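Student: Below: sequence and its predicted model.
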Amino acid sequence: LLKNDQDVLPLDISGIKKIAVCGPNADECSYALGHYGPLAVEVTSVLKGIQEKTDGKAEVLYSKGCELVDANWPESELIDFPLTEEEQKEIDKAVSQAKEADVAVVVLGGGQRTCGENKSRSSLDLPGRQLDLLKAVVATGKPVVLVLINGRPLSINWADKFVPAILEAWYPGAKGGKAVADVLFGDYNPGGKLTVTFPKTVGQIPFNFPCKPSSQIDGGKNPGMDGNMSRANGALYAFGYGLSYTSFEYSDLKITPAVITPNQKTYVTCKVTNTGKRAGDEVVQLYVRDVLSSVTTYEKNLAGFERIHLKPGETKEVSFPIDRKALELLNADMHWVVEPGDFTLMVGASSTDIRLNGTLTVVDCINDSTPQSKENEAPISASTNQETVNNVVDNDLTTFWEGNKGDYITFALQNEAKVDGISIAFHRDNGLETDFEIQLSSGGGQFLTVYSGTVKEYHKLLNFPFKGTTASDLRIVLGSDRVGITEIKLPQIKK
């Protein structure tokens, strides 16, 4: 949901007698076919979805209004050709129906003619006569809802300024018309967020998120005849943006611990409350910024997100882990490092709608005045998250040590131990398969790989045999990011 001034949406069917539906994508089905997707399926268009939703409750008036593109397209993106008599006639028909109706739904955007492989465009504006149609319908003074069906961001500046409600559906699939109707009439509360950035014009391209400081802003700040601004700045719709039929309040940001070393993990938590009258989904987003670094870094990096469902008045706590992967930069020597210093952690509803922020400090080392007894030292070490290594030998499959690609956990073995296998239970939140290696060392810090494998099952002890040999240490090396080890069984581990 990109815009919803004065709560035009959701539409109240009880107060509507006639709905005008128009636009080249209103009764179109081809967007749901192809694009490396299904072919022989029955498609519900937006028009059909609205007709089914309002059957017996309201009358639906339909006219196409215009074609997806005009006869001169794409040259018409460069030259403003006059409307033909037939084009004007079709727009007039849509306007007449809009005047007769209580609300107008205009379904515009793109399709296989405008978007796909080898189909770059010279403009990101609505193609053909679509903007002419939209302006004419808005001029009737009736409430207007714009539904976009498209495969790339569109520069809908006029619509953003003058159309009260805008819904981005992308290519919504075979049952997309039903889904759009559910949103229009409030049977579903939209909660999606943009995974791309909408530029205001092709003149801003390349325009992306994340970006370096001030890399996408120039040409002055003050518009108008007496100003110094020479170009439009900023996104039309920012990365992570998306509205809802309800509202959410963020509170109680906590960073625990607030001071860590480069290989330690911290957790960011906050509370989110549904302060509106409808149940809805919010996508809580966490962003990180390195405050002072040896090389220029991005203004914000997305470090995590979570979609939560909240009933009216309900509050939930959201937690994000932050490890070195979220804090690293590629330094001047082309090494991935975490530089000591402050990091700003920002939680919000989009990359520009930040609701809470705090500071995480990374230091080279943390002094611990608590004396450690050598007898109590665990024979387990790790390249990261040392504080959780004992989770792999606590006989609890719900606790784990976690690392990223290249991280490892090492087990010291009994003297002259001969080892020919190990049982390992892995953990991974997304459940995707991952590679790993088992390495052995006979001393001196040199490790040789004795087993390479792929994990497809999680939270279950799996046996990995290999050729037996005498070793002083055994190491497990991770092949993917955010992979955990919940438990190991290794009789030869040093007691």
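Tutor: Thanks, I have it. Just so it is clear, the model here is predicted, and its values are computed rather than measured.

Student: going forward, measure contacts between C-alpha atoms and count neighbours the same way
Tutor: Will do.

Student: Just give the nearest non-adjacent residue to the spatially most distant residue from the centre of the chain, would you?
Tutor: In the chain, the residue that sits farthest from the middle, by CA atoms, centre = their mean, is residue 416; the gap is 51.1 Å. Of all residues not flanking residue 416 in the chain, residue 470 sits nearest, at 6.0 Å (CA to CA, 6 or more residues apart in numbering).

Student: ok, that neighbour touching residue 421?
Tutor: No. Assessed by CA atoms under 8 Å, residue 470 is found out of contact with residue 421, at 11.8 Å.

Student: The two - which one has more neighbours?
Tutor: For residue 470 versus residue 421, neighbours defined as other CA atoms under 10 Å are more numerous around residue 421 (19 against 15).

Student: who's in contact with that one?
Tutor: Counting by CA atoms under 8 Å, 6 or more residues apart in numbering, residue 421 touches 463-468, 490.

Student: avg pLDDT for the helix or strand containing it?
Tutor: Assigned by DSSP states H and E, residue 421 falls within strand 408-427. Averaging pLDDT along strand 408-427 yields 92.

Student: got a list of contacts for the host helix or strand of residue 304?
Tutor: In the assignment (DSSP H and E), residue 304 maps to strand 301-310. The contact list for strand 301-310, computed with CA under 8 Å, 6+ apart, reads 210, 273-274, 279-289, 316, 318, 320, 322, 326.

Student: Buried ones among those?
Tutor: Buried members of the contacts of strand 301-310, scored by 16 or more other CA atoms under 10 Å, are 273-274, 279-289, 318, 320, 322, 326.

Student: quick one: residue 149 and residue 107 touch, right?
Tutor: Yes. Judged on CA under 8 Å, residue 149 makes contact with residue 107 at a distance of 7.2 Å.

Student: what's the overlap in contacts for the two?
Tutor: Common neighbours of residue 149 and residue 107, counting by CA under 8 Å, 6+ apart, are residue 25.

Student: that older thread, in what helix or strand does the residue nearest to residue 416 lie?
Tutor: Using DSSP H and E, residue 470 maps to strand 462-478.

Student: Next, the buried residues of that strand.
Tutor: Across strand 462-478, burial judged by 16+ other CA under 10 Å covers 462, 471-478.

Student: mind checking how far the residue most central in space within the chain is from residue 277?
Tutor: Centroid check for the chain by CA atoms, centre = their mean gives residue 195 as the closest residue, at 4.7 Å. From residue 195 over to residue 277 the distance is 27 Å, taken as CA to CA, to the nearest Å.

Student: number of nearby residues for residue 85?
Tutor: By the criterion of other CA under 10 Å, residue 85 has 8 neighbours.

Student: count of neighbours near the residue nearest to residue 425 when sequence neighbours are not counted?
Tutor: Of all residues not flanking residue 425 in the chain, residue 461 sits nearest, at 4.3 Å (CA to CA, 6+ apart). Residue 461 sits with 17 neighbouring residues when counted by other CA under 10 Å.

Student: and residue 461, what does it touch?
Tutor: For residue 461, the contacting residues are 423-426, 487-488, by CA under 8 Å, 6+ apart.

Student: Could you report the neighbour count for residue 83?
Tutor: By the criterion of other CA under 10 Å, residue 83 has 12 neighbours.

Student: whoops, I mixed them up, residue 118
Tutor: Residues near residue 118, counting by other CA under 10 Å, number 6.

Student: ditto for residue 206
Tutor: Neighbour count of residue 206, defined by other CA under 10 Å: 8.

Student: ok, now residue 439?
Tutor: Neighbourhood size, residue 439 [other CA under 10 Å]: 20.

Student: and it, what helix or strand is that in?
Tutor: Here residue 439 is assigned to strand 434-441, by DSSP H and E.

Student: That strand pairs with which strands?
Tutor: strand 447-455 (antiparallel), strand 462-478 (antiparallel) (DSSP bridges).

Student: pLDDT below threshold where in this structure?
Tutor: 35, 365-378, 444 (pLDDT under 70).

Student: can you do 50?
Tutor: By pLDDT under 50, the weakly predicted segments of the chain are 368-377.

Student: ok, longest helix in it?
Tutor: helix 85-100 (DSSP state H).

Student: How about residues contacting whatever helix or strand comes next after it?
Tutor: Sequence-wise, the next helix or strand downstream of helix 85-100 (DSSP H and E) is strand 103-109. Outside strand 103-109, the residues that touch it by CA under 8 Å, 6+ apart are 16, 18-26, 46, 68, 98, 126-127, 130, 134, 137, 142-150, 154.
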